[in-house]
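S.K.: this one's sequence-less:
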């Protein structure tokens with residue numbers, strides 16, 4: 001479809017390769033997140049920042065830990081767009097670091 005952008009085409013193909021996800025432009029230094037809370041989310045955010053500062057700043061930095069119930073970690077997003085985008089093509093990029101610091105996390109849900 002010539003009237004549809006390539007990002008839409010990639011989303012319609014399913015979960016894209018991590019290299020196909022383009023972070024929003026980031027200006028300046030991206031400070032490392034604080035890990036003093038010691039929660040699984042604080043530690044996972046530090047890993048996400050280490051792996052890809054641009055992607056962390058664009059999509060993960062503003063997510064806030066809301067609650068943990070059993071194997072489900074719930075994060076709060078700023079808006080529906082961010083929640084939907086993180087929940088779809090970025091879900092694997094988000095879950096892997098969380099599971100590396102807490103193997104009991106089986107699912108991440110996003111709320112507003």
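M.R.: Sure thing, it's come through. All figures in this text were calculated on a predicted structure; none of them were measured in a lab.

S.K.: The chain: helices as residue ranges?
M.R.: In chain order, the chain shows helices spanning 6-12, 40-51, 53-55, 80-87, 91-101, with DSSP state H as the criterion.

S.K.: what's the weakest-modelled helix or strand in the chain?
M.R.: Least confident helix or strand of the chain, by mean pLDDT, DSSP states H and E, is helix 6-12 with a mean of 62.

S.K.: Residue ranges in the chain under the pLDDT threshold?
M.R.: Low-confidence segments of the chain (pLDDT under 70): 1-26.

S.K.: again, only this time at 90
M.R.: Applying pLDDT under 90 to the chain flags the ranges 1-32, 52-55, 58, 88-89.

S.K.: For stretch 37-45, buried residues please.
M.R.: Judged by neighbour count (16 or more other CB atoms under 10 Å), stretch 37-45 contains these buried residues: 40, 41, 43, 44, 45. Using the backbone N, CA and C atoms, a C-beta is placed for each residue, glycine as well.

S.K.: Contacts for it, please.
M.R.: The set of residues external to stretch 37-45 that reach it, using CB atoms under 8 Å, 6 or more residues apart in numbering, is 33-36, 56, 60-61, 63, 65, 68, 73, 75, 94, 97-98, 100-102, 105.

S.K.: what about it, distance to the chain center?
M.R.: With CA atoms, centre = their mean, to the nearest Å as the basis, stretch 37-45 stands 13 Å off its chain's centre.

S.K.: Filter the contacts of stretch 37-45 down to the buried ones.
M.R.: 33, 35, 56, 60-61, 63, 65, 73, 75, 94, 97-98, 101-102, 105.

S.K.: Out of the residues you listed, which sit inside strands?
M.R.: Taking DSSP state E as the definition of strands, those contribute 65, 73, 75.

S.K.: possible to save the residues you listed as a markdown table with distance to residue 111?
M.R.: As requested, those are arranged in a markdown table below (distance: CB to CB, whole Å):
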| residue | distance to residue 111 |
| --- | --- |
| 65 | 11 |
| 73 | 11 |
| 75 | 7 |
